[in-house]
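> let's see this in three dimensions:
(2 chains)
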There are 2 protein chains.
Amino acid sequence: MSSTATRTPVAAEIDQWLSRFDEALARDDAAAASEMFAPESFWRDLVAFTWNIKTVEAPGGVQDMLEHTLARTKPRGWRVTEEPTSADGVGEAWLEFETEVGRGSGHLRLVDGKAWTLLTALDELKGYEQSLGPRRPKGVEHGANPDRHTWLEDRRREAEESGFATQPYAVIVGGGQGGIALGARLRQLDVPAIIIERNARPGDSWRKRYKSLCLHDPVWYDHLPYVKFPPNWPVFSPKDKIADWLEMYTRVMELNYWGSTTAKHARYDERAGEWTLLVEREGEEITLRPKQLVMATGMSGRPQTPRFPGAERFKGDQHHSSAHPGPDAYRGKRAVVIGSNNSAHDICAALWEHGADVTMVQRSSTHVVRSDTLMDIALGALYSEEAVAGGMTTEKADMTFASIPYRIMADLQIPVYEQIRERDADFYRRLEAAGFQHDWGEDGSGLFMKYLRRASGYYIDVGASELVANGEIKLQPGQVDHLTEDAVVMADGTELPADLVVYATGYESMNGFVADLISPEVADKVGRVWGLGSGTTKDPGPWEGEQRNMWKPTQQEGLWFHGGNLHQSRHYSLYLALQLKARAEGIDTPVYGLQEVHHTR
Amino acid sequence: MSSTATRTPVAAEIDQWLSRFDEALARDDAAAASEMFAPESFWRDLVAFTWNIKTVEAPGGVQDMLEHTLARTKPRGWRVTEEPTSADGVGEAWLEFETEVGRGSGHLRLVDGKAWTLLTALDELKGYEQSLGPRRPKGVEHGANPDRHTWLEDRRREAEESGFATQPYAVIVGGGQGGIALGARLRQLDVPAIIIERNARPGDSWRKRYKSLCLHDPVWYDHLPYVKFPPNWPVFSPKDKIADWLEMYTRVMELNYWGSTTAKHARYDERAGEWTLLVEREGEEITLRPKQLVMATGMSGRPQTPRFPGAERFKGDQHHSSAHPGPDAYRGKRAVVIGSNNSAHDICAALWEHGADVTMVQRSSTHVVRSDTLMDIALGALYSEEAVAGGMTTEKADMTFASIPYRIMADLQIPVYEQIRERDADFYRRLEAAGFQHDWGEDGSGLFMKYLRRASGYYIDVGASELVANGEIKLQPGQVDHLTEDAVVMADGTELPADLVVYATGYESMNGFVADLISPEVADKVGRVWGLGSGTTKDPGPWEGEQRNMWKPTQQEGLWFHGGNLHQSRHYSLYLALQLKARAEGIDTPVYGLQEVHHTR
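Predicted structure coming up:
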């Protein structure tokens, strides 16, 4: 980067912008720095400036943010880390910088000499760098030492004392992939933590689900932090295989994982600044006193089951999709599956494969994308074998994804789904001809935006849609009115005889757990979890600009939410872990732009 | 590689050599090809030409090998895979090529236009490529299929049927890191295999050893195939941590691992070309009928315990180092440790740390190298954080190591140990002043050659030598004459009062197992395992050029030996697995240069 003489025009332009930006920040000139942003522009900050996950917009938003954060952040040392690129008039650069307390990296998009998007992300806290690579532990203390403990002795002592003789700084409620990923990050940052999980073993939340379940996201998207899946790992991981991986990961990452443990009640003591958390571990009640409480109970944590009149009279089997044992017992039986999203499709297909007579009740329209198409068109550039071969690392893919502000993401997604609509036109025609109510999201922005906005309303097709299209899976539109002893009766009077009813009706907001575990008051104070405030179905406005309450401070001190898909768990666990570490070490963490609450649950 | 106009001189020279070599091989001209080798030269082949692990020397050796292998190998497509380099008059290039049945890679050193060393290694068999990366399994079969099985169902069925309804093609006796690494390779090559292990769980062979044990090789040297240790893994892995890793690895790689299983008897049926192997699994006798039997019982598999007169009268504790429970029970006790190699030092230091009175009995001289020095000077270029940062992959490091013929390795090692001797001169002076008998190997070639020749006679110092030097660990030279009720008595009459005697006296050749498991006749037919035939202590000549009987065909059809340190297990498991795969698929595998037997055990 030193020989500016040979720089490309875009590199020179970015160097110049960065150097002016650096100067403006150095002299605490928020106004000058903000003027370097385009009228439509976005600065997304992951913890580095705001101790928050926050996107500010336009020069005004930038200026306000800087006025509140610049003096103590003291950002400096901005430089590009690889040769900038340019396409369609947009210059792009990968950056690094440091602040008073940490080192960060980022990404800049420059248009006509002004910033269009800027991402700044905290990578590590100075003095608390992770023990990785060149900093990895030695593992054995060479020399002779009469006070030596072995690794096993230390590990056992910690596991025995944690929660009893010593209190964890953080407790993570929920030991699925989210809790486990965060637990690994905290372990690497030396933040004492316990993960509590109602199931006995890590991975059980996968093992217990319907037997045909596989991850719908491909392997390149699913890596956990630190330990990548090996090159023989399947593209779509079967549920029991991912469960085994999570179990081994928990062990080799040395997490304090309390299985068969239920969180019963939590109360925050504002004065002491700590939680009193009552848990039941294998029948024994234990009180934990962590400073921080993280809810990682999952997007799919708490089943949402409609209560239809007559359900208590129904003589067949009925259960929520999360409790569906799989199709084996239902050969030759009549199954009615309520719902038309991912689980509903998977369960219908598996029942059909096992010779059940299957009806899917579609209560509202669903967005469907074929898995192969999604991989090729939507994910391929960042998460695929080709991307890996082209030098794309998981970390860089995550940062690339993070560099796109949510405000403009929908607009960028629309053409992707237009392309998908064209490529698979015949598929959609046949699906709709069969009576399937299909949508592309209210603004045509497709699957990923639906996920970010409401975490529901779609199916990644791995084969069930063909069965719907050709009528092998029968389709019943409309609302359920009631159940009888042996049938589901629709609002229009249609009777669907049934030996089995599966409620593939989704999950409640994570905040529902908070109401139960802490109090309805705290749940309401914290407000709705997930969604962007897009003003679309199930994601009411106003616009938030980030996922509500996820991975960042909430209105309740000491209460955090973690989760999402494997990609989000992996990437955002870093920023949540850094926020917790900073607090554990007494680093000042004034939060800029703490979100307001507009919706309780 | 296309624009030859811009090639460096060495690149042009290598291109020219390769192209002439290719032409000579293509026209089956063994004489012409062999004339392209220097008078002192070596061609090391890992399975690609010889279906053996074989080094031939000088043009004559090359010509003989080619005359026997060229016609059916049909090597072709030789090309360099990266820009060749040159130093001290030696041009070096990384190569790839293919044969009639496979694809290979290699390495060439050229001096004055002639080959000094050539390495050729088989990477994969055509039509049987491993399912890795772009070939990874999909994990789920999209579409609807009434005959669908889930991953878990298939995995369980295989585990239940293997050894009963179906017979494994190969059985690996010994489920330590060697057996596990080979098992993983075979799984990826779709060769049905069972690993049998007397301990209950993978890793137990580590868990059961003395509690202070850590790997003496650093993490970069120790990776298993397919799944690398994560960046937080300690440099020197504590034994229980590596044990956990092996256990998780066995599970996620889906190995058929029979714990608590002992091999009781094996007999080869020449006519059927298969083994009858009787095993006892958790008390139940089972007969297995594999085509191939692999002994992976380990260099440290069978304790070698001297029988001293009076041992039966000794009233304290006495055990082999492999059975030593650790120091906890011996605080304030008098311990005599017989031996002065790795285990002896580790055990002495741990006993001293726990307040025992410790005497080390040195029966013969030992080579000591300080761990830090070894890492810096001997391993650093290939296996270190700096090597990784410089772009060195584990695979390339392994191939670099493999490219050095054993014949010249000692000469290349001597200056390394001269450098070590100088750097740590003060350390060696103090050690010898304390009466420690130190050597550098008979020819001054140091630790790694001792390992390759006899797998004993050294200590990688992680602290115990300081205790020896300053007299905290007492040193007693000489031979043991007998034991009394409470002492070890030396040949010179010195009496060493003892509450504990530890026999840190090493392990038998793997062939000892063959004598027990199969028959003494087969053991003698196969001959000694390990060693190069260097004509040095415990490694009698004649020169073999490769490790005896390791990872390659033996004089007993269907009988193989696998093992070594983690580096060797990792790298050579590939070549052993390819040899087994070729046989499983009926590919013709005529062995060139099957080793002769000069020593029975």
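
> alpha carbons only for contacts and neighbour counts from here, please
Fine.

> give me the next element, helix or strand, following the top strand by length along chain A.
The longest strand of chain A (DSSP state E) is strand A:114-125. Later in the chain than strand A:114-125, the nearest helix or strand by DSSP states H and E is helix A:151-161.

> partners of the next helix-or-strand element following that next one in the sheet?
If you walk from helix A:151-161 toward the C-terminus, the next helix or strand you reach (DSSP H and E) is strand A:170-173. Here strand A:170-173 is paired, per DSSP bridges, with strand A:193-196 (parallel), strand A:292-295 (parallel).

> quick one: average pLDDT of the first one?
To tie it back to what came earlier, the one meant is strand A:193-196. When pLDDT is averaged over strand A:193-196, the result is 98.

> and the next helix or strand past that strand?
Next along the chain after strand A:193-196, taking DSSP H and E as the criterion, comes helix A:204-207.

> which residue packs closest to residue A:562, ignoring adjacent ones?
The shortest distance from residue A:562 to any non-neighbouring residue, by Cα to Cα, 6 or more residues apart in numbering or on different chains, is to residue A:296 (4.9 Å).

> gap between that neighbour and residue A:172?
According to Cα to Cα, to the nearest Å, residue A:296 stands 6 Å off from residue A:172.

> what is in contact with the two at once?
By Cα atoms under 8 Å, 6 or more residues apart in numbering or on different chains, residue A:296 and residue A:172 have these common neighbours: residue A:179.

> what about these two, which has more around it?
residue A:296 (29 against 26; other Cα atoms under 10 Å in any protein chain shown).

> wait, doesn't that one sit right on residue A:174?
Yes: judged on Cα atoms under 8 Å, residue A:296 makes contact with residue A:174 at a distance of 4.9 Å.

> so residue A:306 sits right up against residue A:507, yeah?
No: under the criterion of Cα under 8 Å, residue A:306 makes no contact with residue A:507, lying 10.8 Å away.

> can you list the low-confidence ranges for chain A?
Within chain A, the stretches with pLDDT under 70 are A:1-7, A:299-301.

> of residue A:306 and residue A:507, which one has the most company?
residue A:507 (20 against 14).

> wait, doesn't that one sit right on residue A:304?
Yes: if you go by Cα under 8 Å, residue A:507 and residue A:304 touch, sitting 4.6 Å apart.

> can you give me the helices in the stretch 201-350 of chain A?
A:204-207, A:219-222, A:239-252, A:342-353 (DSSP state H, counting those that start in this stretch).

> which elements pack onto the longest one?
Okay, so that is helix A:239-252. With contacts taken as 3 or more Cα pairs under 8 Å, 6 or more residues apart in numbering or on different chains; DSSP states H and E, helix A:239-252 sits against helix A:177-188, helix A:204-207, helix B:151-161, helix B:239-252.

> go again with 6 Å.
With contacts taken as 3 or more Cα pairs under 6 Å, 6 or more residues apart in numbering or on different chains; DSSP states H and E, helix A:239-252 sits against helix A:204-207.

> ok, residues contacting the helix it packs on?
Applying Cα atoms under 6 Å, 6 or more residues apart in numbering or on different chains, the contact partners of helix A:204-207 are A:239-240, A:243.

> with stretch A:101-118 instead?
So stretch A:101-118 is contacted by A:36-38, A:41-43, A:90-98, A:119-126 (Cα under 6 Å, 6+ apart).

> now do the same end-to-end measure for it.
20 Å.

> again, but for stretch A:169-189
For stretch A:169-189, the first-to-last residue distance is 12 Å (Cα to Cα).

> how far does it sit from its chain's centre?
A distance of 14 Å separates the C-alpha centroid of stretch A:169-189 from that of its chain, computed with Cα atoms, centre = their mean, to the nearest Å.

> now do stretch A:592-601
For stretch A:592-601, the distance to the chain centre is 19 Å (Cα atoms, centre = their mean).

> how close does residue A:150 sit to chain B?
Counting by Cα to the nearest Cα, to the nearest Å, the gap from residue A:150 to chain B is 6 Å.

> no no, residue A:171
Remark: distance between residue A:171 and chain B (Cα to the nearest Cα) = 22 Å.

> ditto for residue A:10
Applying Cα to the nearest Cα, the value for residue A:10 to chain B is 29 Å.

> and that residue, backbone torsions?
Torsion angles at residue A:10 (phi, psi; degrees, to the nearest 10) stand at phi -70, psi -40.

> what about it, how many residues nearby?
Using other Cα under 10 Å, residue A:10 has 21 other residues around it.

> what sits closest to the closest residue to chain B within the stretch 401-550 of chain A if chain neighbours are left out?
Nearest residue of the stretch 401-550 of chain A to chain B (Cα to the nearest Cα) works out as residue A:463 at 3.6 Å. Excluding the flanking residues, the one nearest residue A:463 by Cα to Cα, 6+ apart is residue B:143, at 3.6 Å.

> run through who's touching the one helix or strand residue A:55 maps to.
Per DSSP H and E, residue A:55 falls inside strand A:53-57. Strand A:53-57 has contacts (Cα under 6 Å, 6+ apart) with A:41-47, A:62, A:552.

> same thing but at 7 Å, please
Applying Cα atoms under 7 Å, 6 or more residues apart in numbering or on different chains, the external contacts of strand A:53-57 come out as A:41-47, A:62, A:545-546, A:552.

> same deal with stretch A:432-442?
A:365-367, A:446, A:450, A:469, A:536.

> quick one: which of these is nearest residue A:387?
Set against residue A:387, the nearest of these by Cα to Cα is residue A:446 (22.4 Å).

> could you pull up phi and psi at that closest one?
Here is the backbone geometry of residue A:446 (degrees, to the nearest 10): phi 80, psi -160.

> was I right about it contacting residue A:417?
Yes: with contact defined as Cα atoms under 7 Å, residue A:446 counts as touching residue A:417 (6.0 Å).

> which one's more surrounded, these two?
Between residue A:446 and residue A:417, counting by other Cα under 10 Å, residue A:446 is the more crowded of the two (24 against 20).

> OK, contacts around that one?
Counting by Cα under 7 Å, 6+ apart, residue A:446 makes contact with A:413-414, A:417, A:440.

> repeat that for 8 Å
Shown in contact with residue A:446 (Cα under 8 Å, 6+ apart): A:367, A:413-414, A:417, A:440.

> which positions within stretch A:15-24 qualify as buried?
Neighbour counts over stretch A:15-24 (16 or more other Cα atoms under 10 Å in any protein chain shown) mark A:15, A:17-18, A:21-24 as buried.

> can you put those in a markdown table and add secondary structure?
Below are the buried residues of stretch A:15-24 laid out as a markdown table (DSSP: H, G, I helix; E, B strand; the rest coil):
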| residue | secondary structure |
| --- | --- |
| A:15 | helix |
| A:17 | helix |
| A:18 | helix |
| A:21 | helix |
| A:22 | helix |
| A:23 | helix |
| A:24 | helix |
